[in-house]
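Undergrad: From the sequence below, what's the structure:
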Amino acid sequence: MKNKILITGASGFIGSHLVEEALKQGFEVYAGIRRSSNKQFLQDERIHFLELDFSSKNILQQQLTAFKHLNANLDFVIHNAGITQANNKEGFFKVNCGYTQNLVEALQGSEMQLQKFVLISSLAAYGPGNAESFAPIELWQKQKPISTYGKSKLCAEEFVKSANIFPYIVINPTAVYGPRDKDFLAFVKLINNKIEPYIGTNKQMVSMIYVKDLTKAVISLLHKNCSNRSYIVSDGNDYDKEELGAAVKSILHKKTFKIKIPATPLRIVIAMVEKIYQLSSGKLPFLNIEKVNEISSSNWLCDSKQLWDDLSFSPQYSLKEGMTETMKWYKENNWL
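TA: Numbers count the residues shown, from 1 in each chain. Purely as a prediction, here's the structure:
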């Protein structure tokens with residue numbers, strides 16, 4: 001009998017790839033979606049759909065209880081649903097932390113007997129590493145997020161760990177790229193138009209992970225005898241920020257005009273824009289001061305050795321291979 005797995009946020013970039021990998025590894029997959037979710041990337045006929053209302057613990061518990069009566073127990077839950085943008089700071093905590101709490105407590109109330117609960121968090125929950133030594137971010141370090149987004153993800157982590165209701169795994173991926181990713185697409189489009197922008201003139205080092213390597217790692221951990229711990233996830237390599245642009249330029253065969261925007265003047269301008277935007281609309285602009293501080297931090301290197309040692313395999317994709325596959329997908333789907 002196949003193990004049943006619920007994957008929340010299944011219609012999104014990472015979620016849809018998690019669904020594909022879970023099917024590949026032989027799970028009976030239930031895609032947790034909203035009624036309004038776009039199923040564009042969930043076309044496999046083996047996928048079962050489960051509409052969930054994370055905003056109400058009581059409704060969510062009713063939905064999960066009804067599911068259990070009809071389909072029996074869930075074996076695994078991967079909670080990938082969340083937001084990276086919000087109209088205000090409270091919105092980050094409501095969705096990323098509050099909805100996680102609602103889900104865990106609703107699962108408990110519906111008497112699900114989970115083998116593992118996996119929370120997809122973010123490296124942002126740790127905050128950037130030391131800007132002088134460029135030592136990689138380690139699992140044992142005290143988590144010091146510098147954005148409300150990162151703080152809301154840390155809040156979710158702390159709840160899952162302290163509740164200790166189910167065996168859990170917390171996943172902290174570094175920057176994830178790959179097909180279906182709209183965030184990285186914006187940078188690719190600029191390069192395709194021969195513009196190569198960078199925030200800050202200082203050295204900046206980052207870690208990366210291709211989405212298929214991330215999802216293979218996450219699903220493979222379900223088979224392993226490990227729980228009640230966290231994993232940082234990257235491909236294990238260190239990249240200068242301009243290596244990413246160089247890889248995209250090489251694949252697209254583009255020559256660009258490189259623009260380096262000094263971080264301090266940009267912060268001043270963005271802070272003014274943010275204040276005006278909030279006064280006029282009551283909302284946060286997409287590019288706000290916290291976002292600028294986060295993406296301009298010098299050190300986003302991280303150590304993921306423990307993950308790959310426990311899995312006994314290594315990431316399959318190099319940066320060039322992952323970027324090549326991503327660019328091909330963008331073009332084939334008319335995103336580029």
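Undergrad: quick one: furthest residue from the center of the protein?
TA: In the chain, the residue that sits farthest from the middle, by Cα atoms, centre = their mean, is residue 69; the gap is 31.7 Å.
Undergrad: what about that one, helix or strand, and which?
TA: For residue 69, the enclosing helix or strand under DSSP states H and E is helix 57-71.
Undergrad: Partner strands of the helix or strand following that helix and their direction?
TA: As assigned by DSSP H and E, the chain's next helix or strand after helix 57-71 is strand 76-79. Using DSSP bridges, the strands paired with strand 76-79 are strand 4-8 (parallel), strand 116-120 (parallel).
Undergrad: Kindly reformat these as JSON lines containing mean neighbour count, distance to residue 157 and mean pLDDT.
TA: Glycine gets a C-beta too; all of them are placed from N, C-alpha and C. Shown next, in JSON lines, are the strands paired with strand 76-79 (neighbours: other Cβ atoms under 10 Å; distance: least, Cβ to Cβ, whole Å; pLDDT from 0 to 100):
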{"stretch": "strand 4-8", "mean neighbour count": "26", "distance to residue 157": "16", "mean pLDDT": "97"}
{"stretch": "strand 116-120", "mean neighbour count": "24", "distance to residue 157": "6", "mean pLDDT": "98"}
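Undergrad: Residue 256: which of those is closest?
TA: Among these, the nearest to residue 256 by Cβ to Cβ is strand 116-120 (33.1 Å).
Undergrad: ok, residues contacting the closest one?
TA: Contacting residues not belonging to strand 116-120 are listed as 9, 14, 76-80, 82, 100, 104, 107, 156-157, 160, 165-171, 173, 218, 221-222, 227 [Cβ atoms under 8 Å, 6 or more residues apart in numbering].
Undergrad: Tell me the helix or strand right after it.
TA: Per DSSP H and E, the first helix or strand lying C-terminal to strand 116-120 is helix 148-163.
Undergrad: one step back: are any of the contacts of strand 116-120 buried, and which?
TA: 9, 14, 76-80, 82, 100, 104, 107, 156-157, 160, 166, 168-171, 173, 218, 221-222 (16 or more other Cβ atoms under 10 Å).
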